[in-house]
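J.: Any chance you can model this:
(2 chains)
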2 protein chains.
Amino acid sequence: MKKQVTTLAEVAKVAGVSRMTASRAMNNQPGVSVHTREAILRIADEMGYVANPLAQKLSAGQTRLLGVVVQLHTPFAADLVLGIGSAARGAGYEMLAYSLPSDNTEKANIGNVVSLLQQITDGVIAILPSEGEYLDKLMQSSVPVVTVDTITDEGMFPSVAADSYQGGRLAVSHLAELGHKRIGFISGNQRLTSARARKQAYCDLIAQLNLDQDPDLLIEGDYSQKSGFEAAKKLLALPERPTAIFASNDMGAFGAMTAIRENGLRIPQDISIVGFDDVPLAHQTHPPLTTVHQPLQEMGRAAVNMLIPLILGLDLPSRQTVLSTNLVVRESTAQLKT
Amino acid sequence: MKKQVTTLAEVAKVAGVSRMTASRAMNNQPGVSVHTREAILRIADEMGYVANPLAQKLSAGQTRLLGVVVQLHTPFAADLVLGIGSAARGAGYEMLAYSLPSDNTEKANIGNVVSLLQQITDGVIAILPSEGEYLDKLMQSSVPVVTVDTITDEGMFPSVAADSYQGGRLAVSHLAELGHKRIGFISGNQRLTSARARKQAYCDLIAQLNLDQDPDLLIEGDYSQKSGFEAAKKLLALPERPTAIFASNDMGAFGAMTAIRENGLRIPQDISIVGFDDVPLAHQTHPPLTTVHQPLQEMGRAAVNMLIPLILGLDLPSRQTVLSTNLVVRESTAQLKT
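T.: From the prediction side, this is the model:
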């Protein structure tokens, strides 16, 4: 399917003018007499000439498009993208998303697509960017880049994140207030800033509140449902099992809930559990999950509200936007039975 | 941030040749002497000229990119997009997605973005396209279009869908085999082919299997969780309430489960429930939901496997690909107590 379109050169030829003159006439630029301009416009119209809006926008350097690079197949992507789309539209921009492969074995031209995205957009929002060619391309970007969720080297890009440390403290405080002293913890991948902050919050509060500081209660995980399942199995197999578990994210908490049920224990009567993220399914589990709410849509909007000033060449008041989290108490946590 | 790039025109000027000659030299086309070509390439290199790969690909009419238009904020979008991305990459293509607004009140330039997507991609996959300007743009598309889930006017585009009629029969048969005779049904929006097929399957089987043909058992819904909740409340308020409910989709089933619990009834001891879709959260509810599995990733892959032959100018053996569904029996359905 070859596109059959009338080119400006063809219009110019029929009108007997140069391509430059035809272009000036089409774009209402000076240097063309009224009479010539009208003749050219009439011929263009008769020949069905349609200016290529993409080419025009590309040459003008403004497409009013934002690019988003994200792993769409993650439970928080949908809400982030929703927030980005809504804020972008509110500001007169539209959004195109590139979904990173979910599987490392997939051969993808990530670098090429990220380059292309930079060519057709005015700015890019990268959600949880990882290393490699992709990050190199972002660092060499010809358009502004804002990241959502920081990466190991903080400060590389202006970024938006939820306050994971504060959220982690909310989760542990809640369990402590319910009387729990022996609280298990399932960490996320420690390469990620969010995962490190949540672990730090757990460690700090366990010490500050004089709760059980047993290193066996801290199991390293990777934010996956499977790792939550495995970690909870280890916690439940301890000689003295915890009476509550704080999982670093909801997916891990879901895995842990399955392990708890397989062990014949009841939530929250026998063991309390708290997650982190408040993904849409958190209120659908049985019992509904107590968790730390990340304002995902707001984070998406905040990223747009940083990116657009950058596109317009303005300075940002701050390169880091950190949004507060809050605890959503549902039914997976209860007072410790004494 | 204005992009500061060397243009081919600047290279040509410095080399003292026409832009056409410079272009021929850069693209290894005939009509330029070896000596001139080498001089031009050297100057281009010194000036840091980088051919605009997007412009080159656009003029060649092949970008090796597929466009996807989808409402990302729906529970089945992630799996579809995953299947599309994986199949596209397997065939040497990459994918850019445009997410439709989730909210009708958002002012979006859908038509413009869909046009732009057609300009920068070799083909477009439209997931559940709806009416309006967007559909018009798709119908005038200069590149091939494949839809996932048909729309009201069938056959408008080559399309991929799951067999909703067969899946609906599986759901009702399963409940009938468990001894249920009084089966409530919650429909989807009847503008959608899938919703009509599921309702037809329910009506046909109720008649064929001599189950209760009470029109009060059929409640119209719209696939939303809220409508599932409201519909189930109506069903439970009937003088003789159903012993089982078939919801046309999982989101509706989740809403219905909430209504059932609020009524103080147990699933499946007091009432069985079956959904449709098998979204990722279906196995996380308590009890895990019995549902009809739509092979979403396969559907995404099938769409790519129809689109790429169309891009290559080949004829499709069939304009409609219909994939089988299967029943996943979990714990939300049980034998009717007699």
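
J.: switch to C-alpha atoms for all contacts and neighbour counts from now on
T.: Will do.

J.: Mind telling me which residue is nearest the centre of chain A?
T.: residue A:127 (3.7 Å; C-alpha atoms, centre = their mean).

J.: Name the nearest residue to that residue, sequence neighbours excluded.
T.: Closest residue in space to residue A:127, ignoring its immediate chain neighbours: residue A:148 at 4.7 Å, by C-alpha to C-alpha, 6 or more residues apart in numbering or on different chains.

J.: List the residues that contact that neighbour.
T.: Listed by C-alpha atoms under 8 Å, 6 or more residues apart in numbering or on different chains, the contact set of residue A:148 reads A:125-128, A:159-161, A:299-300, A:303.

J.: So what does it have for phi and psi?
T.: As for residue A:148, its main-chain torsions (degrees, to the nearest 10) stand at phi -110, psi 130.

J.: Compare the contacts of residue A:148 and tell me which is most surrounded.
T.: Greatest neighbour count in the contacts of residue A:148, by other C-alpha atoms under 10 Å in any protein chain shown, goes to residue A:303: 30 neighbours.

J.: just checking, that one touches residue A:162?
T.: No. Between residue A:303 and residue A:162 there is no contact under C-alpha atoms under 8 Å: 11.7 Å.

J.: now the stretch 51-200 of chain A, which segments are flagged as low pLDDT?
T.: For the stretch 51-200 of chain A, the stretches flagged by pLDDT under 70 are A:51-62, A:103-107, A:130-132, A:150-154.

J.: The same query, at a cut-off of 80, please.
T.: A:51-63, A:73-75, A:102-109, A:128-135, A:150-155 (pLDDT under 80).

J.: Can you pull the residues of it lying near chain B?
T.: A:53-54, A:61, A:72-74, A:78-79, A:81-82, A:85-86, A:89-90, A:94-99, A:101-102, A:106-109, A:113, A:116, A:119, A:142-144 (C-alpha under 8 Å from any C-alpha of the partner chain).

J.: Just the buried ones from those residues, in PyMOL syntax?
T.: To isolate the buried subset of those in PyMOL, counting by 16 or more other C-alpha atoms under 10 Å in any protein chain shown, use the following:
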select buried, chain A and resi 54+61+72+73+78+79+81+82+85+86+89+94+95+96+97+98+99+101+108+109+113+116+119+142+143+144
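
J.: Go through the residues of the stretch 51-200 of chain A next to chain B and flag which are in strands.
T.: Applying DSSP state E to those, the entries found in strands are A:94-99.

J.: of the residues you listed, closest to residue A:198?
T.: residue A:99 (26.6 Å; C-alpha to C-alpha).

J.: looking at it, the closest one is touching residue A:70, isn't it?
T.: Yes. With contacts counted by C-alpha under 8 Å, residue A:99 reaches residue A:70, the gap being 5.1 Å.

J.: Distance of the residue lying closest to residue A:249 once chain neighbours are set aside relative to residue A:156?
T.: Leaving aside its chain neighbours, residue A:249 sits nearest to residue A:276 (4.2 Å; criterion: C-alpha to C-alpha, 6+ apart). Residue A:276 sits 26 Å away from residue A:156 when distances are taken as C-alpha to C-alpha, to the nearest Å.

J.: So which of those two has more stuff around it?
T.: Set side by side, residue A:276 and residue A:156 show more neighbours around residue A:276, with 29 against 14, by other C-alpha under 10 Å.

J.: For the more buried one, name its beta-bridge partners.
T.: residue A:292 (DSSP bridges).

J.: contacting residues around residue A:290?
T.: By C-alpha under 8 Å, 6+ apart, the neighbours of residue A:290 are A:273-275, A:282, A:327-333.

J.: before we move on, what about residue A:302?
T.: Counting by C-alpha under 8 Å, 6+ apart, residue A:302 has contacts A:160, A:321.

J.: Going along the chain from the helix or strand harbouring it, find the next helix or strand for me.
T.: Using DSSP states H and E, residue A:302 sits within helix A:296-311. Using DSSP H and E, the helix or strand that follows helix A:296-311 in sequence is strand A:320-323.

J.: Could you please name the strands that following strand pairs with and the direction of each pair?
T.: In the sheet, strand A:320-323 lines up with strand A:159-162 (parallel) (DSSP bridges).
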